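Student: Sequence and predicted structure below; questions after.
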Amino acid sequence: MRSLIIPLLATAATVVAIGAHGADVLPPNANLKADGLPPIPAELAVKVAPYTEFKPATAVSWHPQKRELVVARRAGNTTQLHRVAAPGAELAQLTDYAEPVREGGWWPKAPSVLVFARDTGGNEQQQVYRLDADAREPVLLTDAARRNDIAGITHARDRLLVGSTDLDKTGRREDPTIDLTLVDPLDPAKRRKLATLPGTGWGDATFSFDDRRLALVEYKSVNESYVWVMDVASGERRRVLPATASNAPIASADLNFSRDGKGLFLSTDRDGEFRKLAFLDLATGKLDYFGEGGNWDVESIALSPDGLVLAVITNEAGIGVLRLYDTATRKPLPRPVLPTGNVHGLVWHENSRDLAVSVNSAQSPNDAYGIDVRDNVVTRWTQTRVAGLDAGAFRNAEPIEWKSFDGRAIGGFLIRPPAKFTGKRPVIVSIHGGPEGQARPGFMGRWNYFIDELGVAILQPNVRGSTGYGKTFVALDNGMKREDSVKDIGALFDWIATQPDLDASRVIVEGGSYGGYMVLAIATNYADRIAGTIDVVGVANFVSFLENTESYRRDLRRVEYGDERDPAMREFLTRISPVNNASRIKAPLFVVHGRNDPRVPYTEAEQIVAAARKNGVPVWYLLADNEGHGYARKANVDYLFYAMIEFIRARVLST
């Protein structure tokens, strides 16, 4: 939610059945449990088909020797890896599995071998595989009983760094750890464990150019993380970024060793509200800031393999902007002229000359672009089109701002329907997850149907707790301030009522994950101000969520939401949890979940469905047996889309 037409009636989700009244209807596929949903008219699938056929392409990796890209793009039902031999060339599919494959690439020491990672059914229990040339089945490189992530690659390009975590099915483990191991994909028996680290919030690993040291970030929360350097031979490590005089929390990320090994390029908010580009001298601990800056975060840094050019993406009012720097002088290089839109993903070629990024905008899905950094030439590698739709006509998001209950300014983005729709228009308030996330303008995909065909406005708020507005703002909803973010939406309803083209009496709230909690909290706190609620993989009960989320995530979530083991916090979390206030829900509810969700267990959905129905609230419940924290398979996403259209029609377009 957040290209040619494929006949929809050929997919598993769209087999036509004859309803009780003789009309063609669309039954859910075998992996979907649709409880309380009305029949979906089969003609709807045909009508909206073009809006479901966008295939965004994301740059993933380069061939280690050739000037060829690997991109991730949907093939049939799931995202798979594809080879792009040249700019504009037809994509050649490299992987073909029932499970999505979003990351991977050719192994440098054997360029005909593909190394990739995937999970099963959205359970996020990642495993790493090797696919040999002309082989159909891959070779498993990791322990299937553990969760494994590709954490990095040596500068010698001969070993993968794999982070592995034990899984805890009981939900009771309180001391999770992560093992760091060097693995040779060509000979996986030859592996060397580097260290066992406490907790599981470790990432941003980067090797020094001689592969003798490893820098990594220990993530405690969105506002607190520590920078460490580890000796690869001994496993010994030390913290390297000095604390502030006040010992206030610091957030740092995007580590890159300098070519000479004397320091680290990184982003950090150590001395301000936003994460700035800096160089940390490892001998002295001195931190030098450089680069073009403003009231925005540096969100991605990637050093060229030769160590001479630094590629940096900054988040400027929600737009990802690319900048390049000379590492010797730390001066900016000429900026590549990319299409207007969000730039993300930094993928360097081994030649240190070609840089790949992905760009999307309101009028263009994700596509891959290559930048020749020596000559400052930009080349488009992929182009996504859908027959029957002019993406160039899709509506732009406009920034908005309103005052909340405490006078604080809250912002977001509004996409208004075309002028052909007259009168006050209904509104979907779509709330991002995280909560350490941010609504950003970009390609709306299927949601353009709501805007262009149904005349519904989409409003995406960035309530307190969102990223992109400084570290003070992101902490404003922590602990017992949780409901302050819900009040931000109450103030938004007041703002909607002042808009001459928006109908405050026809508002639906929708959100996923933490956004799912938000819409449920709104349903209990502002029951008379909404026409319906769509809860996607949302938290209904903070206590049961914290007790049952996978152990490798629990401590990270406790920092944000509060520790349910503390009696006072437990009482607070119990009191504000939507499931315990379900008697106040009035508007119909649409609940969506994946049975394999390791983050927010599907039992959260079961709780709110039962509690709302007990109080006579109409509830639609869609559960996917082969999905996790959100839907990844086209057949499932399509059926959800059709059901959302029917829900929206029934709630705000029926009169």
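Tutor: Structure's in. What do you need? Everything quoted here is computed from the prediction, not taken from an experiment.
Student: so what are the domain limits for this structure?
Tutor: 8-53+388-652, 56-197 (automatic domain parsing).
Student: now for the ones you listed, which one comes closest to Ile371?
Tutor: Of all the domains of the chain, domain 56-197 sits nearest to Ile371, with 10.7 Å by Cβ to Cβ. Just so you know, the C-beta spots here come from the backbone N, C-alpha and C atoms, and that holds for glycine as well.
Student: Now Met569: closest residue in space that isn't a chain neighbour?
Tutor: Nearest residue to Met569, sequence neighbours excluded (Cβ to Cβ, 6 or more residues apart in numbering): Gly562, at 4.2 Å.
Student: Give me the neighbour count for Ala85.
Tutor: Residue neighbour count, defined by other Cβ atoms under 10 Å, stands at 14 for Ala85.
Student: doesn't Glu68 make contact with it?
Tutor: Yes: between Ala85 and Glu68 there is a contact under Cβ atoms under 8 Å: 5.3 Å.
Student: quick one on the thing from earlier: now the phi/psi pair for the residue nearest to Met569, please.
Tutor: Main-chain torsions, Gly562, degrees, to the nearest 10: phi 110, psi 150.
Student: now do Leu303
Tutor: phi -90, psi 140.
Student: same question, Ala110
Tutor: Main-chain torsions, Ala110, degrees, to the nearest 10: phi -150, psi 80.
Student: beta partners of it?
Tutor: Under DSSP bridges, the beta-bridge partners of Ala110 are Trp107.
Student: I'd assumed Asp184 was in contact with it.
Tutor: No: using Cβ under 8 Å, Ala110 is not in contact with Asp184; the gap is 10.5 Å.
Student: Show me where the stretch 201-350 of the chain dips below the pLDDT cut-off.
Tutor: For the stretch 201-350 of the chain, no stretch has pLDDT under 70.
Student: Would you map the strands across it?
Tutor: If DSSP state E, counting those that start in this stretch is used as the criterion, the strands of the stretch 201-350 of the chain fall at 202-207, 213-221, 224-231, 237-239, 252-257, 263-268, 276-281, 287-289, 297-303, 309-316, 319-326, 342-348.
Student: how far does the fifth one sit from the chain's center?
Tutor: Okay, so that is strand 252-257. Taking Cα atoms, centre = their mean, to the nearest Å, one finds strand 252-257 lying 20 Å from the centre of the chain it belongs to.
Student: cool, the third one as well?
Tutor: When C-alpha coordinates are averaged (Cα atoms, centre = their mean), strand 224-231 and its chain have centres 24 Å apart.
Student: helices and strands around that strand, which ones?
Tutor: strand 213-221, strand 237-239, strand 252-257, strand 263-268 (3 or more Cβ pairs under 8 Å, 6 or more residues apart in numbering; DSSP states H and E).
Student: What residues sit buried inside it?
Tutor: For strand 224-231, the neighbour count (16 or more other Cβ atoms under 10 Å) marks Glu224, Ser225, Tyr226, Val227, Trp228, Val229, Met230 as buried.
Student: Can you show me the helices along the chain?
Tutor: 42-48, 448-452, 471-474, 482-498, 514-525, 542-548, 551-561, 567-576, 603-614, 634-652 (DSSP state H).
Student: Okay, buried residues for the shortest one please.
Tutor: To tie it back to what came earlier, the one meant is helix 471-474. For helix 471-474, using 16+ other Cβ under 10 Å, the buried residues are Lys471, Phe473, Val474.
Student: now, among the residues you listed, which is nearest to Gly412?
Tutor: Phe473 (13.2 Å).
Student: Quick check: the gap between the spatially closest residue to that closest one that is not a sequence neighbour and His349.
Tutor: Closest residue to Phe473 apart from its sequence neighbours, by Cβ to Cβ, 6+ apart: Arg464 at 6.1 Å. Taking Cβ to Cβ, to the nearest Å as the measure, Arg464 falls 41 Å from His349.
Student: and Asp271, how many neighbours does it have?
Tutor: Counted with other Cβ under 10 Å, residues neighbouring Asp271 total 11.
Student: now swap in the one 4 residues further on and tell me
Tutor: Neighbour count for Arg275, taken as other Cβ under 10 Å: 25.
Student: close enough to count as contact, it and Asp269?
Tutor: Yes: contact criterion Cβ under 8 Å: Arg275 and Asp269 qualify, at 4.8 Å.
Student: tell me, what's touching these two both at once?
Tutor: Ala251, Ser252, Asp297 (Cβ atoms under 8 Å, 6 or more residues apart in numbering).
Student: Generate CSV for these, with distance to Ile400 and neighbour count as supplementary columns.
Tutor: CSV is the format used below for those (distance: Cβ to Cβ, whole Å; neighbours: other Cβ atoms under 10 Å):
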residue, distance to Ile400, neighbour count
Ala251, 27, 23
Ser252, 32, 24
Asp297, 21, 23
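Student: Tell me who's in contact with the residue nearest to Leu69 when sequence neighbours are not counted.
Tutor: Once flanking residues are discounted, Leu69 sits nearest to Val84: 4.3 Å by Cβ to Cβ, 6+ apart. Neighbour list for Val84: Glu68, Leu69, Val70, Val71, Leu91, Ala92, Ala368, Trp381, Thr382 [criterion: Cβ under 8 Å, 6+ apart].
Student: Over to Val343?
Tutor: Per Cβ under 8 Å, 6+ apart, neighbours of Val343: Ile313, Gly320, Val321, Leu322, Val357, Ser358, Val359.
Student: Quickly list what it is bridged to.
Tutor: Beta bridges link Val343 to Val359 when assigned by DSSP bridges.
Student: picking that back up, closest one to Ala635 out of the buried residues of helix 471-474, please.
Tutor: Val474 (36.5 Å).
Student: Tell me how far that closest one lies from Val240.
Tutor: For Val474, the distance to Val240 - Cβ to Cβ - is 24 Å.
Student: measure stretch 396-409 end to end?
Tutor: One end of stretch 396-409 sits 22 Å from the other (Cα to Cα, to the nearest Å).
Student: Can you give me the buried ones in stretch 25-32?
Tutor: Buried residues in stretch 25-32, counted by 16+ other Cβ under 10 Å: Val25, Leu26, Pro27, Pro28, Asn29, Asn31, Leu32.
Student: And the furthest pair within those residues?
Tutor: Within those, Val25 and Asn31 form the most distant pair, 18.0 Å apart (Cβ to Cβ).
Student: residues in contact with the closest residue to Ile153 other than its chain neighbours?
Tutor: Nearest non-adjacent residue to Ile153, counting by Cβ to Cβ, 6+ apart: Leu160, 5.8 Å away. By Cβ under 8 Å, 6+ apart, Leu160 lies in contact with Val115, Val128, Leu141, Ile150, Gly152, Ile153, Leu182, Val183, Asp184, Pro185.
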